[in-house]
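**Q** With the input below, show me the fold.
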Amino acid sequence: MAARGPRRVALVVIAVLAAGTAGAWRAGVFSPAASSAGGPQGPPPATAAVTRQDITATTPVTATLGYAGSYPVRGQGGGTLTWLPPAGQVIRQGHPLYRTGEETPVVLLYGSVPDWRPLDEGVTGQDVSQLNHDLVALGDANRADISALGWDYFSWATAAGVAKLQSALGVSDPPGWLPLGSVVFEPRALRISQVTGSLGGPADGPVLAATSDQQVVTVPLDVSEQGEVRTGDKVSVTLPDGTTTPGAVSSVGTVATTSGSGGSPVTTIPVQVKLTDPRAAGTLDQAPVTVNITTGTARGALAVPVTALIARGSGRYAVEMVGRGNARRWVPVTPGIFDDASGLVQVTGALTPGQRVVVAAS
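**A** Residues are numbered from 1 along each chain as shown. Model prediction:
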């Protein structure tokens, strides 16, 4: 009889342990992660919906908004400066850049060949061709007449056009021909950036410094990101006042420049961006801006907030999906493109749009 007592005690202990183990399993004590059990888990967590949408990855880079080009204007006709435009003024085709003597204008015309000689009847060349195109564009010469006589030939039609242009500018002598230094050929309209001459001073040598009238954003892009940017790529530009305006890459440089010293030199290439709406920047010049360059796009991607991603070790990630009754489970996912602007990340995994995932509480 004495041997039965301990056996009963052992049976009671085993029964109690068995009951405790079952209760602990139901409570989730031995599950891989308490929050991934399939039943209700206490108060509802903060969640967000899985969506399907376009995801765009962008890289913000510091840039400078200014005016494109550099065009020094040198006087070569002699005389004394009697009128100079103020900095910031835009001079267009057929208008005076500056005046000498008794208000004689030196006129801006469009062309890539500089004014290097007097132009008179019988002269031929590329400089004559661009003069004829200017006269036609300004309405001072007839296209049919110029074309019949030759675009690169200073004909009677050219002389008549020059005389008409001079008359409009108040020039009476010499009519119909252009002395050296009476015009300045540049490829486009000029915006005066600096007045280097002075009234009463000589009209020889540097008179004005100018840029084009087109604003451009210049990005010193790290050479490691060169392959991610192409001409025509869409970007957004954040202006100094915090507003954002769209633009597009207009050119990608090929000549690298290294700056900095010591152990951390930086090698960059110049990338230029044109604003879609130039009026958005007003008259800003040499202003610091931020360019958000698109480095990747995924169309119709599954997306979740970045704060839903949970690192599971060894480069593995998961999200915690919430079902009916606050039931939760882990769903492995592979992250793709991160969209910093929207705070979303592209994911690949067993998810469907509309499902809810746990996100970090704000």
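
**Q** which residues touch V266?
**A** Counting by C-beta atoms under 8 Å, 6 or more residues apart in numbering, V266 makes contact with D222, T258, S259, G260. In short, each C-beta sits where N, CA and C put it, glycine included.

**Q** ok, and the most crowded of those?
**A** D222 (14 neighbours; other C-beta atoms under 10 Å).

**Q** Spatially nearest residue to that one, not counting backbone neighbours?
**A** Leaving aside its sequence neighbours, D222 sits nearest to T268 (C-beta to C-beta, 6 or more residues apart in numbering; 5.8 Å).

**Q** Using CSV, write down the CA coordinates of the helix or strand containing the one you found.
**A** Assigned by DSSP states H and E, T268 belongs to strand 266-275. What follows is strand 266-275 as a C-alpha-only set of coordinates in CSV (Å, rounded to 0.1, in the frame of the first residue of the first chain):
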residue,chain,number,x,y,z
VAL,A,266,34.3,64.3,-55.2
THR,A,267,34.1,63.6,-59.0
THR,A,268,31.0,64.9,-60.8
ILE,A,269,29.6,65.6,-64.2
PRO,A,270,27.4,68.6,-65.1
VAL,A,271,23.8,67.8,-65.7
GLN,A,272,21.5,70.6,-66.9
VAL,A,273,17.7,70.7,-66.2
LYS,A,274,15.2,73.0,-67.9
LEU,A,275,12.1,74.0,-66.0
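
**Q** Return the set of buried residues in that strand.
**A** Buried residues in strand 266-275, defined by neighbour count with 16 or more other C-beta atoms under 10 Å: T268, I269, V271, Q272, V273, K274, L275.

**Q** One more: stretch 300-314?
**A** So, applying 16+ other C-beta under 10 Å, buried residues of stretch 300-314: A301, L302, A303, V304, P305, V306, T307, A308, L309, I310.

**Q** contacting residues around the last one?
**A** If you count contacts by C-beta under 8 Å, 6+ apart, I310 has them with Y317, A318, V319, E320, W330.

**Q** Among these, which pair sits farthest apart?
**A** The two members of the contacts of I310 with the most space between them (C-beta to C-beta) are Y317 and E320, at 11.3 Å.

**Q** Skipping adjacent residues, who's closest to S70 in space?
**A** T211 (6.3 Å).

**Q** who are the neighbours in contact with the one you found?
**A** G66, Y67, A68, G69, S70, Y71, L190, R191, S193.

**Q** Can you verify it is assigned to a strand?
**A** Yes - counting by DSSP: H, G, I helix; E, B strand; the rest coil, T211 is found in a strand.

**Q** can you pull up the bridge partners for L81?
**A** T100 (DSSP bridges).

**Q** and for stretch 68-82, what are the contacting residues?
**A** 97-104, 106, 115, 179-182, 184, 186, 188, 190, 197-212, 214-216, 272.

**Q** Mind jotting down where the strands sit in the stretch 251-362 of the chain?
**A** 257-259, 266-275, 287-305, 310-313, 316-322, 328-339, 344-349, 356-358 (DSSP state E, counting those that start in this stretch).

**Q** average pLDDT across the fifth one?
**A** Taken as a whole, strand 316-322 carries a mean pLDDT of 96.

**Q** buried sites along stretch 61-70?
**A** Buried, per 16+ other C-beta under 10 Å, within stretch 61-70: V61, A63, T64, L65, G66, Y67, A68, G69.

**Q** biggest separation within those residues, which pair?
**A** Farthest pair in the buried residues of stretch 61-70, by C-beta to C-beta: V61 and G69, 22.2 Å.

**Q** that older thread, which residues pair with the residue nearest to S70 across the strands?
**A** R191.

**Q** what about it, distance to D54?
**A** 38 Å (C-beta to C-beta, to the nearest Å).

**Q** Can you give me every residue that contacts Q89?
**A** Applying C-beta under 8 Å, 6+ apart, the residues near Q89 are R191, I192.

**Q** want to throw the buried residues of stretch 61-70 into CSV with secondary structure, pLDDT and distance to W151?
**A** Formatted as CSV, those follow (DSSP: H, G, I helix; E, B strand; the rest coil; pLDDT from 0 to 100; distance: C-beta to C-beta, whole Å):
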residue, secondary structure, pLDDT, distance to W151
V61, strand, 92, 45
A63, strand, 96, 41
T64, strand, 97, 40
L65, strand, 97, 38
G66, strand, 96, 35
Y67, strand, 94, 31
A68, coil, 92, 28
G69, coil, 92, 26
